[in-house]
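the sequence and its predicted three-dimensional model are supplied below.
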Amino acid sequence: MLVLTILLPLLFGGLAFAFRSNLKRPWLLPIGGGLHLLATCLILLGQAPLRDGAWLGLDPLNKVVLAFLSVLFFLCSVYARGYLVGRPQQPNRIFIAALFAFLGMLTLAVEAQHLGLMWVAVEACTLSSAPLLYFNQNPRSLEATWKYLLIGSVGIALALLGSYFLAYSALHGGMSTSLFFPDLVREAPHLSHPWLRAAFILLFVGYGTKMGLAPMHTWKPDAYGEAPGLVGALLAGGLTTAAFLAVLRFFQICTAAHDVAFARGIMVTIGLFSMAVAAVFMVRQRDYKRMLAYSSVEHMGILVLGIGLGGLGVFGSLLHLVNNGLTKGVLFLAAANIHRAFGSKRVEDVSGAIRRLPVTGALFLAGFFAITGSPPFGPFFSEFTILRAAVVGGRFWVAGLFLIMLFVIFVGMSATVFAVVQGEPSEKAVASGYKDTAFTVGPIVAFLAIVLLLGVYVPPPLSQALHQAAGFIEGTP
Amino acid sequence: MHNLVGPLLVVVLLLNFFLLGTSRLQGVINASAMQGVLLGVLTLCVHEGLNVWIGLITLVTVLVKGVLIPGMLLRAIRDAAIRREIEPFIGFLPCLLFGALGTGASLIFARTLPLAKEHVGSLLVPAAMATVWTGFLVLTTRRKAINQVVGYLVLENGIYIMGLTLLHAMPFMVEMGVLLDLFVGIFVMGIILNHIRREFSSLDTAHLSALKE
C-alpha cells in the first residue's frame, strides 16, 4: 500500500509525456495530487503496524510528515493547474513530469526506514527539483539552478560521508550492521561515541544544507527568488521538511545513545544563528521573493532551535513544521500572483497590490501576519510553545534572543510587505492582463483557513499524533 | 592483494596534490579519471576473495568514474574551447599548501579516532579525509564550472574511500547509490553546463554573479 504513494506520482509523471496539449496537460496535477492525498488518507486510517526490517514503513514521526506533505502538494497542484494555464506559451511537459517525480521521491524519503534508501531518495528529490527551478529558462534561473545543484550536491555528499561514519560507529561497536532506523535506535547505546559525534556533525551539516540552515543557506534566496512561486512553496514546505525529518532521525539516535547534550548544543546555536542571519538580510530587503527565502531560513532555525531545547520544544517544533509549511504556501503562492500581475519582484516596481489584486493582496498581508507569529494564526502558538520551552528550561538568554530576533524580523518584513501591498498600482500593472482565478486563489484561501484553524483549535487527533511523534523522538513513549 | 592497498592510496594522495597544483583542465580531468580507476582497483584489493558483486562494483566504478564522466567533461572543454584555469580565487601554491596541511591533519586526526582492528594502521580513513578535503578545496577555489565539477568528483572519491572500510558490512544498495548519484548528478550538471555555455558562451562561473545581496 505504501508503495502505491510512491508509484502513483511516478506513473503520472510518465503520463505527462503522453499529453500533447500544453493546456490540457496541467489537469494531471490536481488529479495526481488528489489521488496521492486519497491514498495517504486511506493508509493513515488503515494503521498498518511497522514490520521489522521493512524498507518502507510508518512510525509516529513520519506519519505526521506524510499527511502534511500530501496536503501541501495537493493544494499546490491545484494552484499549478491555474498557473500553467495562465502561461500557455511556456512548455510545461518536463515541468509537470519533474513535479510528479519530486512528489514520488519526497514520499519515498519520508517513508524510508533505511539510512541508505533515505539518502538516495533525498538526492533524487534534489535532482528532480532542478528542472523546476529552471522553468523560466533565462540566465538568472540558470545561475540559481547551478548554485542549487552544486551546493545541494556537496551537502548531500557530506550527508553520505556522515552515513558512512554512522555505519562505521555501528561496525566499531561490534553490532550487526543493519542500517534500518529501528535497529539503529535499539542498538544505539553500543555505538562508538567519537564516530557517532563526527557522524552527527556531518549529517547535520549535510541535511542542514538541504534545509537551508545558515551558514549553508546561500542557495536558498537565489533558488526561491528565481523559481515559480509554487516551486518555492514546495521546496520551503516539502524538501526542507524531508531534510528536517532526516535530522530528527539522527537526533533520535543520539538521544537513544545517551549522547544528546552535544547535539542539542549544536542545534540551539545553529538555530539562533540562522534566525540572526535571516534577520540581517530581511531588513531593507528590496526583493519580496528573496525576503520569503530568508523567512524560510529563519523558520528552519526555529525548528532546530525547538528540537535543541527539548521537552516541550520538540512538540512545539513539530507543530511549527506544519504551521510554517502551510503559511509558506500562502505567502509563496500569493507572491507568485503578485509577480505575475506586476511583472517584477522588486519593491520599487510593485505597490498597491491590494488594489490591483484585492483577494491575493489581502491573503499576502494575512500570510505576513501569520508567519511573523501574530495571533490568532497557527505559527503564533507553535512559536509561543518553543518560547515557553526555553523559559521553563531556564534558558533565559535563548528566550531573550529568540524574542529580539522575532521582533527585528517582524519590523524588517513589515516594511517590505507594506510597500508591496499599499499605495497605488502603476499603470503598467493595471494594464497587464493578469486576473485572479478560482484556481490561483482557492488553494491560498485553503492554506490560510487551515493555518487559522490550527491557531484557534488543534484537532485532538493531530495533537495526539504530534505528542506521540515528540515522545518517539525523545524516546519517552 | 591486501598489501597493495597502502601503495595505491599513496598514489591517490599524490594525485590530490597534482589536482591542486595544475591549471590545465585536461590534466585535472585526467587526474580525476585516474583516481576513479584506482578506486575500482582498490575495491578489488580491499575485499578478500572475488565474487560477482565485487567484480560488478569494480567494473561500474571504473567505467563511470574513470571513463564516462571524464569523457563527458573532456568533450565539454573541447566544445567550449577552454584550456586553463586562469585566475582561481586562491592561487595554486597556497592551495597546495592548504592541501598538504589538510593531509597532515587527517593523518593525525584519524589516529585519535577509535578504529576497528582491521583498519588500525591502514591508510583508508586518513586518505578518505584528505581526499574529501582536496575536493572541497578545488570546488571552492576555482572559477571554471568544469573545475568545480571535478572538485565535486574528487570529494565523492574521498567519500568512496571511506565507503571501502564498510565494504563487508554495507549493503550493496548503498554502493550502487553512490554511483547512481554520481552519474545522474554529473549528467544533470552536464546538461546545465551545456546551458551555461549556450547562454554565456563560456564556462566561467564568474558570469553567474547577477544574484547577490
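Everything's here; your move.

correct me, but residue A:206 touches residue A:152?
No: here residue A:206 does not reach residue A:152: they are 10.1 Å apart, not a contact under C-beta atoms under 8 Å. Where C-beta positions appear, they are placed from N, C-alpha and C, glycine not excepted.

spell out which parts of the stretch 151-300 of chain A neighbour chain B.
A:153-154, A:156-157, A:160-161, A:163-165, A:167-168, A:170-172, A:177, A:179, A:192, A:194-195, A:198, A:221-222, A:225-226, A:281 (C-beta under 8 Å from any C-beta of the partner chain).

now residue 206, nearest residue through space, not along the chain?
The chain I'm using is chain A. Leaving aside its chain neighbours, residue A:206 sits nearest to residue A:159 (2.9 Å; criterion: C-beta to C-beta, 6 or more residues apart in numbering or on different chains).

hmm, no, I was thinking of chain B.
Closest residue to residue B:206 apart from its sequence neighbours, by C-beta to C-beta, 6+ apart: residue B:143 at 5.6 Å.

helices or strands up against the helix or strand where residue B:162 lies?
In this assignment (DSSP states H and E), residue B:162 forms part of helix B:145-164. When contacts are defined as 3 or more C-beta pairs under 8 Å, 6 or more residues apart in numbering or on different chains; DSSP states H and E, helix B:145-164 packs onto helix A:139-172, helix B:5-21, helix B:25-46, helix B:69-80, helix B:124-141, helix B:172-200.

buried residues in the fifth one?
In this case it means helix B:124-141. Across helix B:124-141, burial judged by 16 or more other C-beta atoms under 10 Å in any protein chain shown covers B:124-139, B:141.

isn't the residue nearest to residue A:206 right up against residue A:119?
Yes: with contact defined as C-beta under 8 Å, residue A:159 counts as touching residue A:119 (6.2 Å).

any low-confidence regions in chain B?
In the predicted model of chain B, residues B:1, B:85-86, B:169-192, B:194, B:197-203, B:211-213 satisfy pLDDT under 70.

try it again with 90
Scanning chain B with the threshold set as pLDDT under 90 gives B:1-6, B:21-26, B:39-95, B:109-124, B:139-153, B:155-157, B:159-213.

find the residue closest to the residue most central in space within it in space, skipping its chain neighbours.
Residue closest to the mean C-alpha point of chain B, counted by C-alpha atoms, centre = their mean, is residue B:154 at 1.5 Å. In space, residue B:154 comes closest to residue B:135 once its chain neighbours are excluded; the distance is 3.5 Å by C-beta to C-beta, 6+ apart.

residues contacting that neighbour?
Shown in contact with residue B:135 (C-beta atoms under 8 Å, 6 or more residues apart in numbering or on different chains): B:151-158.

TSV for those residues, including distance to residue A:99?
Formatted as TSV, those follow (distance: C-beta to C-beta, whole Å):
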residue	distance to residue A:99
B:151	31
B:152	26
B:153	29
B:154	33
B:155	30
B:156	28
B:157	33
B:158	34
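
mind listing what residue A:28 touches?
By C-beta under 8 Å, 6+ apart, residue A:28 lies in contact with A:12, A:15-16, A:19, A:96, A:100.

check whether residue B:18 really touches residue B:27, as I assumed.
Yes: shown here, residue B:18 and residue B:27 form a contact pair, counting by C-beta under 8 Å, at 7.5 Å.

let me have the helices and strands packed on helix B:145-164 in CSV, extended by distance to residue A:268.
Compiled in CSV, these are given as follows (distance: least, C-beta to C-beta, whole Å):
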stretch, distance to residue A:268
helix A:139-172, 20
helix B:5-21, 36
helix B:25-46, 39
helix B:69-80, 41
helix B:124-141, 27
helix B:172-200, 32
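
wait, which of those is closest to residue B:55?
helix B:25-46 (8.0 Å; C-beta to C-beta).

backbone phi and psi for residue A:287, please?
For residue A:287, the backbone dihedrals (degrees, to the nearest 10) come out as phi -120, psi 110.

is it true that residue A:179 touches residue A:116?
Yes: with contacts counted by C-beta under 8 Å, residue A:179 reaches residue A:116, the gap being 6.0 Å.

surely residue A:81 is in contact with residue A:26?
Yes: contact criterion C-beta under 8 Å: residue A:81 and residue A:26 qualify, at 4.4 Å.

so for these two, which residue has more residues nearby?
In this view residue A:81 and residue A:26 are compared by other C-beta atoms under 10 Å in any protein chain shown, and residue A:26 has more residues nearby, 25 against 22.
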